[in-house]
Each structure stands twice: as structure tokens, then as C-alpha cells.
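Colleague: Please work out how this folds:
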Amino acid sequence: MSIAQYIYVFLELMMFFKYIFWVLYRIWFYILVALPILILFPILLVSIAKETWYPFFFKLARLWAKFILIGMGFAYTIKREQTPEKHKSYMFIANHTSMVDIMLMLVSIKNPFVFVGKAELAKIPLFGFFYKRTCILVDRNSAKSRQAVFLRAQRRLKSGLSICIFPEGGVPEEHIELDEFKDGAFRLAINHQIPIVPITFADNKKRFSYTFFSGGPGKMRVKMHKFISTEGLTTKETRLLNERSRAIVLCQLEIFNT
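Modeller: Residues are numbered from 1 along each chain as shown. All right, here's what the predicted structure looks like:
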């Protein structure tokens with residue numbers, strides 16, 4: 001064989017092993033997701049038996065998230081311009097690009113919060129069992145379901161918890177840096193006069209996107225921005241609050257990418 005043919009065979013082998021790595025890496029992720037749940041299953045069941053015990057469940061969820069991120073080889077760094085106060089409620093929002101956004105959000109925030117998330121995730125074996133019992137589920141194709149979110153979130157906020165929403169309403173196409181934000185999170189924050197906490201995730205799409213043959217260990221950067229007060233605002237200003245929050249996250253993404 002000629003040198004060119006040897007190089008071609010070598011490159012083909014490298015690509016083959018790369019695909020094998022990606023397959024094994026995805027399998028490893030699901031093992032890390034399931035293993036702590038299986039081991040802690042009895043304790044987790046007890047922790048969700050009463051709503052008042054949710055803060056204990058939240059601490060276990062944070063340990064679960066750290067276990068996964070470290071096990072996947074993700075070195076995350078969190079920079080905070082402002083830190084949430086204990087026993088105060090907030091509306092946490094962030095850009096959404098990866099399956100590990102949930103884990104990264106959990107390790108970034110110590111205040112117990114409840115996710116508002118897609119109802120479809122409740123179908124995931126084992127994970128879905130706890131997901132549907134601890135999160136506020138929404139079917140975005142159902143107006144009735146979207147309205148019910150406000151009532152459930154209201155109850156959680158009154159109990160002293162915070163809320164977390166990915167305001168893009170889903171994961172955008174690969175070529176979209178940041179999709180338009182839906183108004184729900186901002187309307188809810190105004191109604192309850194709680195601060196918005198914009199958070200920017202960098203590198204998540206690169207580390208572990210929804211594209212199967214992609215990803216790998218490496219850094220994950222998180223920036224928690226200064227809180228945006230909703231005090232005195234009315235629902236008429238929902239769109240302005242939405243645009244301001246999105247501009248903060250988009251600007252930070254541009255800084256991360258330079």
C-alpha cells in the first residue's frame with residue numbers, strides 16, 4: 001500500500017474508535033444517572049413522602065448531580081455576581097442546550113428549587129418516577145397544562161421554595177445560539193414579586209449535546225448574573241423583563257465564545 005493509503009486506513013480506524021468512544025460514553029452517562037438512584041432508592045422514597053421533606057430530597061439530588069458531572073469528567077466552574085440568600089424564593093432561568101443542564105443547575109444553586117419541565121421526561125425509566133413526583137410538569141401543547149403550572153408553582157413558592165425554568169421552552173436547533181424566551185417564567189416572577197436570576201451555561205452543548213455522536217470530558221463554565229428585581233412590576237412589563245433577561249444571557253454567551 002502507498003503512504004496515502006496507510007494514512008487513509010489510519011484515519012478510518014481513528015474515526016471508528018471515536019464512534020466507539022461516543023457510544024460507550026453515552027452508556028456510561030446512563031449508568032451514572034441510574035446507579036445512585038438504585039442505591040438510594042429507599043431513602044429517596046422517604047424524602048418524597050411529604051412535600052415538607054422536599055429540601056432533604058433536594059440535597060440528595062445535588063449529590064446525585066455532582067456524582068454524574070464528576071463521573072463524566074466535567075470540570076465545572078461557577079462564577080456568581082450575586083449569591084441567593086437562604087430562605088428566599090427566586091426564579092432561576094438559564095439557556096438550554098444539553099441533557100446535563102439539569103445536573104449543572106442543581107450543583108450551581110444551594111437554595112431548594114423545583115424544576116418546571118417537559119412532561120415527556122416522566123417516561124424515562126427510574127429517573128421519571130422521581131421526576132414526576134418532584135417537578136412541575138407541563139405539556140407545552142396543552143393550554144390547560146400551561147395554566148395549571150401557575151397554580152402548582154404558586155403552592156411551591158408559598159412553601160418557601162424557588163422555581164427553575166428553561167425559558168426557551170426546549171432545546172433549540174444546533175445552529176441557534178439562544179432561542180427566543182417564552183413569557184411564562186417572567187409572568188410568574190412578576191405575579192409573585194420574586195427576583196429573576198439569569199444564569200448562562202457555556203460548553204454544555206460541546207460536552208454532551210443531544211447529538212448522539214458528540215461530546216467528551218472537559219470544562220463547563222457557569223455565570224450567575226446579578227438578580228433582576230420584579231418589585232413593583234406588572235404583567236404589562238413581562239415582555240420587557242423577558243427581553244432584558246435574554247439579552248444578559250446572550251451577551252455572556254458571546255463573551256464565552258470569544
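
Colleague: Tell me the helices and strands packed up against whichever helix or strand Leu13 is part of.
Modeller: Remark: Leu13 resides in helix 3-39, with elements defined by DSSP states H and E. Packed against helix 3-39 by the contact rule (3 or more C-beta pairs under 8 Å, 6 or more residues apart in numbering; DSSP states H and E) you find helix 54-71, helix 127-134. No exception for glycine: its C-beta is placed from N, CA and C like everyone else's.

Colleague: and if we set it to 7 Å?
Modeller: Applying 3 or more C-beta pairs under 7 Å, 6 or more residues apart in numbering; DSSP states H and E, one finds that helix 3-39 contacts helix 54-71.

Colleague: elements contacting the helix it packs on?
Modeller: Packing partners of helix 54-71 (3+ C-beta pairs under 7 Å, 6+ apart): helix 3-39, helix 41-47, helix 101-108.

Colleague: which intervals of this protein have sub-threshold pLDDT?
Modeller: Scanning the chain for pLDDT under 70 picks out 1, 8-9, 11, 140-143, 145-146.

Colleague: so where do the strands sit in the stretch 151-258 of the chain?
Modeller: Assigned strands in the stretch 151-258 of the chain, in chain order: 162-165, 196-202, 218-224 (criterion: DSSP state E, counting those that start in this stretch).

Colleague: how about those strands in TSV, adding distance to Leu60 and mean neighbour count?
Modeller: Converted to TSV, these look like this (distance: least, C-beta to C-beta, whole Å; neighbours: other C-beta atoms under 10 Å):
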stretch	distance to Leu60	mean neighbour count
strand 162-165	17	24
strand 196-202	22	24
strand 218-224	21	18
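
Colleague: For Arg80, find the nearest of those strands.
Modeller: Arg80 lies closest to strand 218-224 among these, at 4.3 Å (C-beta to C-beta).

Colleague: That closest one pairs with which strands?
Modeller: Strand 218-224 has these partner strands in its sheet, going by DSSP bridges: strand 74-80 (parallel), strand 196-202 (antiparallel).
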